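**Q** Could you work out the structure for the sequence below:
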Amino acid sequence: MNILRKAILLCAVCLVPLNYNLAGEGGVKRRGSLSFGWASESIVPNKPVAIGGQYHTRISGDVHDPITVTALAIETRDAQGVIDQGVWVSCDLSGIRRKTVKNIRNLVTKSLPDLDVMKIVISATHTHTAPAITDADETDLHPYDFAGSWAYRIPADQQNIMRPREYLDFLERQIAAAVVRAWKSRQPGQFSSVLSHAAIARNRRAVYFDGTTRLYGDTKDPNFSHTEGTSDDSVDALFFWRDGQIVGIALALYCPSQEVEGELYLSADFWSDARLLLRERFSAGLFVLPVTGASGDQSPHIQVGKSSEADMLKRRKLSYRQEIARRIVHAVEDVAGVARESSRAEVWFDHRVEHFQLPVWKVSEQRFAEASAIFNAGKDKFDRLTSPDYINWRVSRTMMARYELQKTEPYYRAEIHALRFDDLAIVTNPFELYTDYGLRMKARSPAAQTSVVQLTADCSAYLATERAVQGGGYSGRIDDGVVGPEGGRVLVEETSRLLKDMWTPRN
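**A** Residues are numbered from 1 along each chain as shown. Here you go, the predicted structure:
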C-alpha cells in the first residue's frame, strides 16, 4: 500500500491539469440555456481496405452495412455569453489514434474559430469489421502508440486496395466535416438523462483450477472454474429533444461492438441493427450516437449456455446481432417516458479536459531479451512470416522500443474528458478498460449517474487488473497494454479527484 501511495503522490505531482474551461469569472460554473446540433457522415471507403482487429490480414469485400461517424455539438449560454461547449464524435471503428485526433482538430480550427477544439471528444465503438488504422509503412511510430503494432501487409498482387494512410486522410476529413456541420446546426432544445439496463456484455476470460486464464477459454473443460470478473449491464441514455420530439440519443453500452468480428466485410456490427430499430421506433431521421463503456474484458459472445441461446434465436428468427439490437431498443423504450418527463432546456454543463500522467507498464529485461530474439529472427524475412508471426514481430519491435523509452519517459500522457450534465457525469479514458476500473469510478463518483467511456482520444490498448495479470492470457499481458495495474489505480484516483472537484460547490 505504501508503494501505491507513493505512485499516486508522484503522479499527482506530474499531473498536467490542462483544464480548458469557458466558465465565468473565477471559473465558477452556472446554469445556461442548452443548444445542440447533430451530424453524421459516411466513412465507407471507395475501395477495398485492410480490416483491423485480428492477427491475420483481412481485405474487405462487400459493405454489409454502413460505417459512419456521428457528431453531437453542445453549448450552453446565458446573458453573460458562452458558459461551456463540446463536440462528441462516435466512430464505427476499432479505435482512434492520437495523431488522428490532432489532425482533425487542426482541420476544424480553420473552419470553427468559435469552438475550443480541445473540447472535441472522439471515441470508437470497437467494431472489428472496420478499416485498419495503421499503415505498415509508417516510420514515425511512437512506442506508446499501441495501434502501431497492428499493421497489416497488403498483398502485392492486389493493386486496387486503399492503403491505410490514404484511408486515414479520408477519415479525418469526414470526421472534421461532421464536427463542422454539427456545430453550425446547433439550435435550442432540451436534454434528459436516464439509466436503463440490457444484458449484453459477458466477461470473456475463463479461469481454470490451475490459476491460468484464457480469453474465450473452453467453459466445458472440467478444469474450468469461473469467469474472471463481472459485467456491467448499465445503459446510460442521453435524450435530446425539440418541440416534444426526440432528435437524437446518445447511448453508453458496456460492451464492445464485436459480435461479427472475424468477417471479411465492413460493418458497424450490432449498432447498425440498433440504429435501424431505433429509427423505426422513434423517427426515420433519429441520430444515434453509441459509445463504449469500460469493457476491456467483455464481449457479446456467449460463454456459457450457448445451446439455449441458439435455440431462442432460432425460435425468434433472429441473428445474435439482431437480438442485441432488440435488447438495446427495449432498454431505450423502457425509459423514454421518464426521459420525456424530465427534459429541460436549462442545464448545468461543465466540460473539463485534463492530461493524466500514468506510470507505464515497465518492460522487464527478460521480456526485452525475448522480444529481441523474436525481432532478430524475423527482421530479414518478415515478408515471409505468417500473419500472426508478423504481428508478433511488430509487437516485439515495440517492446524493444518501450524498454528504451521507459528510462526517460516513464509516464503515458492520457487525455481525459469529464463532462457534467446536471447530476450526470461522463468520464473518458483511452484504454480498453477492464470493467472493474469503471465500477470503482462509479462507486466513488459524487454524481447520481456516472458513465465511464473507453477508447477516446487515443488507442492505448488494454488496461488490465492485477488478477488479470496474474492469470495471464491475451489482454492480461504487457504485450497488450501500455499501462498496467499500477497506472490503473492512479487513473481511478485522479478521475475520482476530478469528479469530486466538479461537484464541489464554489462561492
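**Q** hang on, Tyr462 in a strand?
**A** Yes. Judged by DSSP: H, G, I helix; E, B strand; the rest coil, Tyr462 forms part of a strand.
**Q** neighbours of it, just the number please.
**A** Counted with other CB atoms under 10 Å, the neighbours of Tyr462 add up to 22. (C-beta placed from N, C-alpha, C; glycine too.)
**Q** Centre of the chain to stretch 479-497, how far?
**A** Taking CA atoms, centre = their mean, to the nearest Å, one finds stretch 479-497 lying 15 Å from the centre of the chain it belongs to.
**Q** Export it to CSV, keeping only CA atoms.
**A** The C-alpha trace of stretch 479-497 is given here as CSV (Å, rounded to 0.1, in the frame of the first residue of the first chain):
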residue,chain,number,x,y,z
ASP,A,479,2.3,-7.0,-24.8
ASP,A,480,-1.3,-6.0,-24.8
GLY,A,481,-1.2,-2.7,-22.8
VAL,A,482,0.9,0.4,-22.4
VAL,A,483,-0.3,1.0,-18.8
GLY,A,484,-0.6,-1.7,-16.2
PRO,A,485,-2.5,-2.2,-12.9
GLU,A,486,-0.3,0.5,-11.1
GLY,A,487,-1.4,3.1,-13.6
GLY,A,488,-5.0,1.8,-13.5
ARG,A,489,-5.2,2.6,-9.8
VAL,A,490,-3.8,6.1,-10.5
LEU,A,491,-6.4,6.5,-13.2
VAL,A,492,-9.2,5.7,-10.8
GLU,A,493,-7.7,8.1,-8.1
GLU,A,494,-7.3,11.0,-10.5
THR,A,495,-10.7,10.5,-12.2
SER,A,496,-12.3,10.4,-8.7
ARG,A,497,-10.4,13.6,-7.8
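**Q** Next, the buried residues of that stretch.
**A** For stretch 479-497, the neighbour count (16 or more other CB atoms under 10 Å) marks 479-497 as buried.
**Q** check contacts around Val427.
**A** Taking CB atoms under 8 Å, 6 or more residues apart in numbering, we find Val427 in contact with Ile416, His417, Ala418, Leu419, Met441, Thr450, Ser451, Val452, Val453, Thr495, Leu498, Leu499.
**Q** brain fart, Trp241
**A** Trp241 touches Gly189, Gln190, Phe191, Ser192, Val247, Arg340, Ser343, counting by CB under 8 Å, 6+ apart.
**Q** roughly how far apart are the closest residue to the first one other than its chain neighbours and Asp218?
**A** Taking CB to CB, 6 or more residues apart in numbering as the measure, Gly189 lies nearest to Arg242, with 4.4 Å between them; neighbours along the chain are not counted. Summarising the geometry, the distance separating Arg242 from Asp218, computed by CB to CB, to the nearest Å, is 51 Å.
**Q** Arg279 too?
**A** Distance of Arg279 to Asp218, computed by CB to CB: 39 Å.
**Q** and which of the contacts of Val427 is nearest Leu433?
**A** For the contacts of Val427, the residue nearest Leu433 by CB to CB is Val452; the value is 7.2 Å.
**Q** and that closest one, helix, strand or coil?
**A** strand.
**Q** For it, list each beta-bridge partner.
**A** Taking DSSP bridges as the rule, Val452 bridges to Val427.
**Q** quick one, what contacts it?
**A** Gly293, Ala294, Val427, Asn429, Leu433, Tyr437, Gly438, Met441, Lys442 are the contacts of Val452 under CB under 8 Å, 6+ apart.
**Q** what's Glu432 sitting at in phi/psi?
**A** Dihedral angles of Glu432 (phi, psi; degrees, to the nearest 10) stand at phi -90, psi 90.
**Q** low-confidence ranges in the stretch 1-150 of the chain?
**A** 1-28 (pLDDT under 70).
**Q** go again using 80 as the cut-off
**A** 1-29 (pLDDT under 80).
**Q** host element of Glu323?
**A** Using DSSP states H and E, Glu323 falls within helix 320-341.
**Q** let me fix that: Leu264
**A** Per DSSP H and E, there is no helix or strand for Leu264.
**Q** how many neighbours does it have?
**A** 13.
**Q** Quickly list what the residue nearest to Gly189 is bridged to.
**A** Gln245.
**Q** show me the contacts for it.
**A** Contact partners of Arg242, counting by CB under 8 Å, 6+ apart, are Gln187, Pro188, Gly189, Gln190.
**Q** circling back: let me have the contacts of Val427 in TSV, extended by distance to Asn203 and pLDDT.
**A** As requested, the contacts of Val427 are arranged in TSV below (distance: CB to CB, whole Å; pLDDT from 0 to 100):
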residue	distance to Asn203	pLDDT
Ile416	25	98
His417	27	98
Ala418	27	98
Leu419	28	98
Met441	18	98
Thr450	21	98
Ser451	20	98
Val452	16	98
Val453	19	98
Thr495	22	98
Leu498	28	98
Leu499	26	98
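**Q** Go through the contacts of Trp241 and name the one nearest Ser387.
**A** Ser387 lies nearest to Val247 out of the contacts of Trp241, by CB to CB, at 44.0 Å.
**Q** ok, now which ones touch that closest one?
**A** Counted by CB under 8 Å, 6+ apart, Val247 has contacts Phe36, Trp38, Gly189, Phe240, Trp241, Leu286, Phe287.
**Q** And the average pLDDT for the host helix or strand of the fourth one is what?
**A** It refers to Phe240. Per DSSP H and E, Phe240 falls inside strand 234-242. Per-residue pLDDT over strand 234-242 has a mean of 98.
**Q** What residues of it count as buried?
**A** Ser234, Val235, Asp236, Ala237, Leu238, Phe239, Phe240, Trp241.
**Q** One more: stretch 462-475?
**A** Tyr462, Leu463, Ala464, Thr465, Arg467, Ala468, Val469, Gly471, Gly473, Ser475.
**Q** quick one: contacts of that stretch?
**A** Residues from elsewhere that reach stretch 462-475 (CB under 8 Å, 6+ apart): 205, 207, 211-215, 217, 228-229, 296-297, 429, 431-434, 436-437, 476-477, 480-481, 483-485, 487-488, 491.
**Q** On the three-state scheme, Ser307 is what?
**A** Per three-state DSSP, Ser307 ends up helix.
**Q** Number of residues surrounding it?
**A** Counted with other CB under 10 Å, Ser307 comes out at 8.
**Q** Distance check, it against Val395.
**A** According to CB to CB, Ser307 and Val395 sit 36 Å apart.
**Q** List the contacts of the residue nearest to Ile67 when sequence neighbours are not counted.
**A** Excluding the flanking residues, the one nearest Ile67 by CB to CB, 6+ apart is Asp92, at 3.9 Å. Neighbouring residues of Asp92 by CB under 8 Å, 6+ apart: 43, 66-69, 124-125, 127, 130, 257, 268-269, 271.
**Q** Thanks a lot, see you next time.
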